[in-house]
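The sequence isn't on hand, but the structure is:
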């Protein structure tokens, strides 16, 4: 577990700027030389070496850690960028970016590796935007979730690669079908009208042997109060948002399956697509040649289940097991294109990646504490009611162990309602404008202890209800 301490802001003079580095930006020859470095795929050894180089170049703002290993023992290495690397700072949002979940879809692997170097170089070169981003954001980058599949695809001659070569892990399991299927629990609760909408993992009985890569990423996802996440893929050009799985009645066909945060997810996906060089523009043909999947005509975004239903997907697991909101990004019609094309993919996606990470500062955030002691309240429940709706959005978030919470929201008028066991409910009306780029609107709560505790019979009823739901699984 990462522990909190007071953040130390990056000073503008933290790193010296050499004339050579400064002149390199904007220089055509330097640009070509830089692109040449990134015109190939990095194998596992090269990837680890590059991450080590970046960390050693920027030790004040980065750290490396391993979340687990693949089936064949390759480490799943994360590089963490922050003014206090290796630590969680309350009200500083945690963002994670994951590449190469499917081994034969490595564009994201390379873009995230280059994004990491870009963050380091930007700090070294005193880039104001990057320094502002690092001062306000905690960024975790996992370039490869499936290194075994990647090595298989890389070692296969391009002419011999099939559509699925290296897609799964080395045990032949598609990792994006291997997470607990929490969608089915959500739909079942909805059907029987049980008002439980979030953190559903406690209701899931798991009798499946999950893959080590899935377990590692799942535990990592649960280990920090991640706010925003993205998962990079190939096979189309679109930003895909939850729900990924259709209801049981529609599981064998495409059917739009809106999450309670459908509007927010559409807004997040549109942010990536609109900042991409082509994703939302009618300047390319549909990848599969059909008008049905002409995603550019719908803004470069799609609901996952409307496209095709996926049970056990990672983005829905994030949403239904934690506070994190994740989308899946499809970056290319072709899987594993020639390495010479990677510099252009970086140019096409660079702005999108940065703008997406900035979205972690949208909506509201704050601290929930005891009004008498000032101590943080863990697992307080934060509900949001849209100004035009009579009921709250059916997806609350909970405070972290240090009392901090984060709720991504587009601009608008909302009511924020906070409840915690043993405390009086509190509410505030807010207007979110999202005009401050590096901070969500801060809305703190000091809850007064309640004079009444739930009766023993009420507690028993709650326990019986949870047991009943679990038995239905």
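Received it, and whenever you're ready, just let me know what you need. As the structure is a prediction and not an experimental result, all values here were calculated from the model.

use CA for all of it now, contacts and neighbours both
Fine.

right, and the helix or strand after the worst-scoring helix or strand of the chain on mean pLDDT?
Lowest by mean pLDDT, DSSP states H and E among the helices and strands of the chain is helix 19-24, with a mean of 38. Counting by DSSP states H and E, the next helix or strand C-terminal to helix 19-24 is helix 28-37.

hmm, who's touching the helix or strand following that next one?
Next along the chain after helix 28-37, taking DSSP H and E as the criterion, comes helix 44-57. For helix 44-57, contacts defined as CA atoms under 8 Å, 6 or more residues apart in numbering pick out 62-64, 74, 77, 79, 113, 116-117, 120, 147, 151.

and those residues, which are buried?
62-64, 77, 79, 113, 116-117, 120, 147, 151 (16 or more other CA atoms under 10 Å).

returning to what we had before: turn the contacts of helix 44-57 into CSV, columns for distance to residue 208, pLDDT and secondary structure.
Below are the contacts of helix 44-57 laid out as CSV (distance: CA to CA, whole Å; pLDDT from 0 to 100; DSSP: H, G, I helix; E, B strand; the rest coil):
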residue, distance to residue 208, pLDDT, secondary structure
62, 36, 98, strand
63, 33, 98, strand
64, 31, 98, strand
74, 23, 98, coil
77, 25, 98, strand
79, 30, 98, strand
113, 33, 98, helix
116, 35, 98, helix
117, 38, 98, helix
120, 40, 98, helix
147, 22, 98, helix
151, 26, 98, helix
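
so which of those would you say is closest to residue 40?
residue 113 (12.1 Å; CA to CA).

I'd assumed residue 143 was in contact with that closest one.
Yes. Between residue 113 and residue 143 there is a contact under CA atoms under 8 Å: 6.1 Å.

which residues does residue 70 contact?
Counting by CA under 8 Å, 6+ apart, residue 70 touches 76, 146-148, 212-213.

Next, count neighbours for residue 34.
Residues lying near residue 34 (other CA atoms under 10 Å) number 13.

what's the answer for residue 265, then?
Burial measure for residue 265: 25 neighbouring residues, criterion other CA under 10 Å.

just residue 135 next, same as before
If you count neighbours by other CA under 10 Å, residue 135 ends up with 21.

ok, it to residue 440 distance?
Distance of residue 135 to residue 440, computed by CA to CA, to the nearest Å: 14 Å.

Now residue 342: closest residue in space that isn't a chain neighbour?
Closest residue in space to residue 342, ignoring its immediate chain neighbours: residue 39 at 5.7 Å, by CA to CA, 6 or more residues apart in numbering.

Run through the residues that contact the one you found.
Counting by CA under 8 Å, 6+ apart, residue 39 touches 339-343.

can you tell me which of those are in helices?
Residues of the contacts of residue 39 located in helices (DSSP state H): 342-343.

Highest neighbour count among the contacts of residue 39?
Most neighbours among the contacts of residue 39, by other CA under 10 Å: residue 342, with 22 neighbours.

Look at residue 392 and give its secondary structure.
What DSSP: H, G, I helix; E, B strand; the rest coil gives for residue 392 is coil.

SS state for the residue lying closest to residue 233 once chain neighbours are set aside?
Distances taken as CA to CA, 6+ apart place residue 330 nearest to residue 233, at 4.7 Å, with adjacent residues excluded. Recorded secondary structure, residue 330: strand (three-state DSSP).

And the strands in the stretch 351-473 of the chain?
Secondary structure of the stretch 351-473 of the chain (DSSP state E, counting those that start in this stretch): strands at 364-370, 381-386, 397-398, 404-407, 412-419, 426-432, 441-442, 445-447.

what stretches of the protein score poorly on pLDDT?
1-27, 249-252, 452-473 (pLDDT under 70).

from the strands of the stretch 351-473 of the chain, which stretch is densest packed?
Sort the strands of the stretch 351-473 of the chain by mean neighbour count, taking mean count of other CA atoms under 10 Å, and strand 404-407 sits at the top with a mean of 28.

and it, what other elements does it pack with?
In terms of contacts (3 or more CA pairs under 8 Å, 6 or more residues apart in numbering; DSSP states H and E), strand 404-407 is packed against strand 364-370, strand 397-398.

Now tabulate those in JSON lines and tack on distance to residue 264.
As requested, the helices and strands packed on strand 404-407 are exported to JSON lines (distance: least, CA to CA, whole Å):
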{"stretch": "strand 364-370", "distance to residue 264": "13"}
{"stretch": "strand 397-398", "distance to residue 264": "14"}
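
Can you say which of the ones you listed is nearest to residue 103?
Proximity to residue 103 (CA to CA) singles out strand 397-398 among the helices and strands packed on strand 404-407, at 32.6 Å.

what separates the closest one from the chain centre, distance-wise?
Its chain's C-alpha centre and that of strand 397-398 lie 16 Å apart, by CA atoms, centre = their mean, to the nearest Å.
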